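In: Compute the structure for the input listed below.
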Amino acid sequence: MKIDWAALGSVFGVSLVVTVALVALFTLGITGLSRRERAAAQGGSAALAVTGAYVCFAACAAAVAYGISLIVA
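Out: Got it, this is the predicted structure:
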């Protein structure tokens, strides 16, 4: 059995980058929701922050769904 170390390293690198990107997107979503709560406590509105949070969460869900479809296919 021969291991293709270059391919293994490539898979590791791509998975590391995608994981960091998903964590960053999720963190941006959480930050947007916390801004909404902070604005609500101060009596303001944070519609743009909430919209951005929902977009971040939707992108995370789409990336996870794409990953699952790659595994299933």
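In: OK, contacts around the closest residue to Gly32 other than its chain neighbours?
Out: Excluding its sequence neighbours, the residue lying closest to Gly32 (Cβ to Cβ, 6 or more residues apart in numbering) is Ala53, at 3.0 Å. All C-beta spots, glycine's among them, are computed from the backbone N, C-alpha and C. The contact partners of Ala53, taken as Cβ atoms under 8 Å, 6 or more residues apart in numbering, are 28-33, 36.
In: What are the buried residues along the host helix or strand of Val20?
Out: Secondary structure assignment for Val20, by DSSP states H and E: helix 5-42. Within helix 5-42, the residues that qualify as buried are 25, 28-29, 32-33, 35-36, counting by 16 or more other Cβ atoms under 10 Å.
In: same question, stretch 60-73
Out: Neighbour-count burial for stretch 60-73 [16+ other Cβ under 10 Å]: Cys60.
In: circling back: C-terminal to the helix holding Val20, what's the next element?
Out: On the C-terminal side of helix 5-42, the nearest following helix or strand under DSSP H and E is helix 47-72.
In: pLDDT (mean, whole number) over that following helix?
Out: Mean pLDDT, computed over helix 47-72, is 94.
In: ok now that helix, how far from the chain's centre?
Out: Put simply, helix 47-72 sits 6 Å off its chain's centre (Cα atoms, centre = their mean, to the nearest Å).
In: Now do that helix against helix 5-42, angle only.
Out: Put simply, helix 47-72 runs at 150 degrees to helix 5-42, going by axes from the mean of the first three to the mean of the last three Cα atoms, to 10 degrees.
In: thinking again about what came up before, check the gap between the residue nearest to Gly32 and Cys60 for me.
Out: 11 Å (Cβ to Cβ, to the nearest Å).
In: Repeat that for Leu33.
Out: Counting by Cβ to Cβ - Leu33 and Cys60 are separated by 13 Å.
In: same deal with Val50?
Out: Taken as Cβ to Cβ, the span from Val50 to Cys60 is 16 Å.
In: And the helix holding Val20, what does it pack against?
Out: helix 47-72 (3 or more Cβ pairs under 8 Å, 6 or more residues apart in numbering; DSSP states H and E).
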